[in-house]
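Peer 1: no FASTA, just this:
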Ligand SMILES: NC(=O)N[C@@H](CC(=O)O)C(=O)O
Ligand SMILES: [Zn+2]
Ligand SMILES: [Zn+2]
């Protein structure tokens, strides 16, 4: 197969016209656009469109097993492919929790049946994510888990976290942390700030996140583990991670599109489509996250795709579950807000969603190179469309971005050379 006349970013971040030849699931040649592309059984004309490595999302919730009314591995995979993602790593807060080799195997089997994107399972740190007893790290690694996390809750005991890190370090596996100290968030559903005050809600303070980041950085230093911080949302966390990196502690971090785009003061009313964990913070925190992403303190962008049903989200700000969907809006949101406005280079956005997650988690994807798996995404940078949850492939409709006019929509996605999403089919 040949993808002809695509716009491809070169090493210097400049767009060049290229023909990409795919064979047996890998990129077999990248030809100069001035050369003849040659013949193939299947030719895609990509004139005027951006071709990038398939996007990688290292933090997603697919809800299966146990919460199939919110999402399944198949619907989540389809939504990911539609959003331009080719590799996703799914969180273990399912029912049962992914705390046994059997559930890791179940997730892998379901992902293979769906046959769309590459699904990498995380396993829980503690049994049932209750924070009481460690899971069997050896067996979970053996079954194919790529890291350990209790995402959805923070590991409250420092000793438990230290034990987990020691074990993970021995197995050369990362610990991925949802940073939240429960004693500092009781009853909170939005961040401290103007919105919480106006509506008489208990506010979640920044320290509830940063206190775990600080604690865990010290434990990572002591144990030598690769420590990865989930969905960073505060100025204080960014500062702690920056300092830890400067002194050589093995810490990496991720940030979500909504924490780069929205602050608590933007929440329009008591609508739970604006409720997520961590919550939207102050404008100052948003600016610190952006700065952190630009200087590499925050290594990558993840969606934290967290679908919930409409009934659940209709329960209101206090009672509805935390979380918003992310796959199908992530790239267009960031492209429109930061690249189309000239604030960021296109290559920075692409790197933080491809090469950087691949580097941190040692994946063999995320680059457009001869010999690499043909995981690719074709993007129309010009077409403008409104976010319409009714048209989502995910079962979730829970997004604060309804009606936003965006550019940069993925139009085709390939995994190992197979088309997994095509706008025109
Ligand atoms: N981010 C969220 O708001 N919710 C996630 C849990 C999590 O990522 O902590 C979920 O599972 O719904
Ligand atoms: Zn989390
Ligand atoms: Zn999550």
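Peer 2: Noted; the coordinates are in hand. Remember, predicted model here, so these are calculated numbers, not experimental data. Ligands and ions are numbered 1, 2, ... in the order given.
Peer 1: Now do the spatially most central residue of the chain, the pLDDT please.
Peer 2: Centroid check for the chain by Cα atoms, centre = their mean gives residue 302 as the closest residue, at 2.2 Å. Looking at residue 302, its pLDDT is 99.
Peer 1: Show me what residue of the stretch 201-350 of the chain gets nearest to ligand 3.
Peer 2: residue 304 (4.4 Å; Cβ to the ion). Every residue, glycine included, has its C-beta placed from N, CA and C.
Peer 1: Assign the nearest residue to residue 194 once chain neighbours are set aside to helix, strand or coil.
Peer 2: With sequence-adjacent residues excluded and distances taken as Cβ to Cβ, 6 or more residues apart in numbering, residue 194 is closest to residue 265, at 5.3 Å. Following DSSP: H, G, I helix; E, B strand; the rest coil, we place residue 265 in the helix state.
Peer 1: burial of the nearest residue to residue 147 once chain neighbours are set aside, as a residue count?
Peer 2: In this structure, residue 147 finds its nearest non-sequential neighbour in residue 174, 4.3 Å apart by Cβ to Cβ, 6+ apart. Residues lying near residue 174 (other Cβ atoms under 10 Å) number 24.
Peer 1: Please tell me how far residue 174 sits from ligand 1.
Peer 2: 17 Å (Cβ to the nearest ligand atom, to the nearest Å).
Peer 1: Could I get the contacting residues of that residue?
Peer 2: By Cβ atoms under 8 Å, 6 or more residues apart in numbering, the contact set of residue 174 is 146, 147, 148, 168, 225, 226, 227, 228, 252, 361.
Peer 1: Out of the residues you listed, list just those in strands.
Peer 2: Mapping the contacts of residue 174 onto strands (DSSP state E) picks out 227, 228, 252.
Peer 1: Please convert those residues to a markdown table, extending it with neighbour count, distance to residue 42 and pLDDT.
Peer 2: Shown next, in a markdown table, are the ones in strands among the contacts of residue 174 (neighbours: other Cβ atoms under 10 Å; distance: Cβ to Cβ, whole Å; pLDDT from 0 to 100):
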| residue | neighbour count | distance to residue 42 | pLDDT |
| --- | --- | --- | --- |
| 227 | 27 | 44 | 99 |
| 228 | 24 | 39 | 99 |
| 252 | 23 | 38 | 99 |
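Peer 1: Adding distance to residue 288, write these out as a markdown table.
Peer 2: What follows is the ones in strands among the contacts of residue 174, written out as a markdown table (distance: Cβ to Cβ, whole Å):
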| residue | distance to residue 288 |
| --- | --- |
| 227 | 20 |
| 228 | 19 |
| 252 | 17 |
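Peer 1: Remind me which helix or strand residue 242 belongs to.
Peer 2: Here residue 242, judged by DSSP states H and E, is contained in helix 235-246.
Peer 1: ok, and for that helix, which residues are buried?
Peer 2: 235, 236, 237, 238, 239, 240, 241, 242, 244, 245 (16 or more other Cβ atoms under 10 Å).
Peer 1: before we move on, what about stretch 331-346?
Peer 2: Here stretch 331-346 shows 331, 332, 333, 334, 335, 336, 337, 338, 339, 340, 344, 346 as buried, counting by 16+ other Cβ under 10 Å.
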